[in-house]
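Student: My questions are about this predicted structure, shown below with the sequence.
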Amino acid sequence: MILYVVLARLVRGYISVFGKTLAVACVASMCAYAINDHVLKIFFGFPSPTEVFHGARHGFNFWTGSDHGSFPSGHMVLAGAFAGVFMRLYKSSIWPLSALLLLAAVLLLVGDWHFLSDIIAGAYLGISAGILGGEGWAAHTARSNEREGPIR
């Protein structure tokens, strides 16, 4: 997506507001996912449902996890951060994106890929990161518009 936005900028000479939002959403979701997989999953050390089924202890095993752990759900972090940016910058997208995130949560639960706690924590982390990224972008564009002053 980011490559597409950069390519559009090179070809057209500018990026639309939606294109910029799309790029910010992609970056926010990648950053949140990286922090989740390389820090939080290792810290919490929570096994996946399959590992629990095969005898692993169902609980936190602090500092013994891997990036293949279950808590928080990386799928929900990725999707939540992407949606969070749009939720912050386009208020009308809150309900449709919430419905899509709920559908994703149900599929992750029914597919037995995650526990409910994994999904809730991942959604919270992802949406929070996305809203933070959207807020940062809104502050940046407001500051840029202030510096430019009125158009003459």
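Tutor: Done, it's in.
Student: When you work out contacts or count neighbours from here on, use the C-alpha atoms and nothing else.
Tutor: Will do.
Student: show me where the chain has helices.
Tutor: Assigned by DSSP state H, the helices in the chain fall at 2-12, 17-35, 41-44, 49-53, 74-89, 94-110, 116-148.
Student: Can you tell me which of the ones you listed is nearest to residue 63?
Tutor: helix 41-44 (4.4 Å; C-alpha to C-alpha).
Student: For residue 7, see how far away the most centrally placed residue in the chain is.
Tutor: Against the mean C-alpha coordinate of the chain, by C-alpha atoms, centre = their mean, the closest residue is residue 81 at 2.1 Å. Distance of residue 81 to residue 7, computed by C-alpha to C-alpha, to the nearest Å: 23 Å.
Student: measure residue 118 to residue 75 for me?
Tutor: 10 Å.
Student: who's more crowded, the two?
Tutor: Using other C-alpha atoms under 10 Å as the criterion, residue 118 and residue 75 rank with residue 118 on top: 25 against 19.
Student: Could you list the low-confidence segments of the protein?
Tutor: Where the chain drops to pLDDT under 70, the residues are 148-152.
Student: same thing but at 50, please
Tutor: 151-152 (pLDDT under 50).
Student: if I pick the closest residue to residue 44 other than its chain neighbours, what's in contact with it?
Tutor: Closest residue to residue 44 apart from its sequence neighbours, by C-alpha to C-alpha, 6 or more residues apart in numbering: residue 62 at 4.8 Å. Residue 62 makes contact with 42-45, according to C-alpha atoms under 8 Å, 6 or more residues apart in numbering.
Student: how much space between residue 62 and residue 126?
Tutor: Counting by C-alpha to C-alpha, the gap from residue 62 to residue 126 is 21 Å.
Student: coming back round to it: and of the helices of the chain, who's closest to residue 68?
Tutor: When the helices of the chain are compared by C-alpha to C-alpha, helix 41-44 sits nearest residue 68, at 7.7 Å.
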